[in-house]
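Engineer: For reference, the sequence and a predicted model appear below.
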Amino acid sequence: MPKFLDAIAGFGVTFSTMFKKRVTEEYPEKPGPTALRYHGRHQLNRYADGLEKCIGCELCAWACPADAIFVEGADNTEAERFSPGERYGRVYQINYLRCIGCGLCIEACPTRALTMTNDYEMADDNRSDLIYGKDKLLAPLLADMTAPPHAMAEGSTDEDYYRGNITATGLGIPKVPAR
Ligand code: SF4
Ligand code: SF4
């Protein structure tokens, strides 16, 4: 085939594509929905009264194949309690330069403190801003929650928390199962 026909053939592809339905997304103006179970940014969850679910056990860090999680636990005291039971996660960091989104950490968590959201907008231009601490990972306080430190619900034990028997107002069976 003569060489000049190559160019015409190339434009043929361009012209035929111009009239097809667009498949591109209008990102970032209109970000599209993710799959429901998309593995995005992690979240450290709270109980209904605001106490943190993380007990600083480090199981998530040990499960992580990319060594992306750093946890430093500390003791709760009666004067300063952040979670039910003995320990809480004083320092909690996830390095998103290492994380591969595999989800093994959330499988390892014994209290369902750690889950993953659908948030994927985490790009940045420097290392330190991609190491997320508790300030970015902790679930927001809902209207009926109280910011820790505070005491456990009156008359409750840590087991009541683990069994999902805590509401925003105290010991009781929540209408909606604990997250
Ligand atoms: S999702 Fe996977 S790689 Fe990322 S922190 Fe969890 S275990 Fe590590
Ligand atoms: S997030 Fe879960 S597994 Fe990780 S330290 Fe906290 S309680 Fe343990």
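Structural biologist: Perfect, I can see it now. Ligands and ions are numbered 1, 2, ... in the order given.
Engineer: Please list the residues of the chain that sit near ligand 1.
Structural biologist: Counting by CB under 6 Å from any ligand atom, the chain comes close to ligand 1 at 63-64, 66, 68-69, 94, 99-105. Glycine gets a C-beta too; all of them are placed from N, C-alpha and C.
Engineer: what bits of this protein have low per-residue confidence?
Structural biologist: 1, 173-179 (pLDDT under 70).
Engineer: so where's the longest strand in the chain?
Structural biologist: Taking DSSP state E as the criterion, the chain has its longest strand at strand 87-95.
Engineer: show me the residues around the closest residue to residue 63 other than its chain neighbours that make contact.
Structural biologist: Excluding the flanking residues, the one nearest residue 63 by CB to CB, 6 or more residues apart in numbering is residue 108, at 3.6 Å. Applying CB atoms under 8 Å, 6 or more residues apart in numbering to residue 108 gives the contacts 59-60, 62-63.
Engineer: now swap in residue 98 and tell me
Structural biologist: Counted by CB under 8 Å, 6+ apart, residue 98 has contacts 66-68.
Engineer: Distance of it relative to residue 70?
Structural biologist: According to CB to CB, to the nearest Å, residue 98 and residue 70 sit 11 Å apart.
Engineer: now residue 16
Structural biologist: 53 Å.
Engineer: residues from the protein in reach of ligand 2?
Structural biologist: Residues of the chain lying near ligand 2 (CB under 6 Å from any ligand atom): 54-60, 71, 89, 108-109, 111, 113-114.
Engineer: From those residues, which land in helices?
Structural biologist: 59-60, 108 (DSSP state H).
Engineer: nearest to residue 37, of the residues you listed?
Structural biologist: Comparing these against residue 37 with CB to CB places residue 108 closest, at 17.6 Å.
Engineer: What distance do you get for that closest one to residue 57?
Structural biologist: 9 Å.
Engineer: cool, and residue 152?
Structural biologist: With CB to CB as the criterion, residue 152 and residue 57 are 18 Å apart.
Engineer: Since that was my last question, I'll sign off now.
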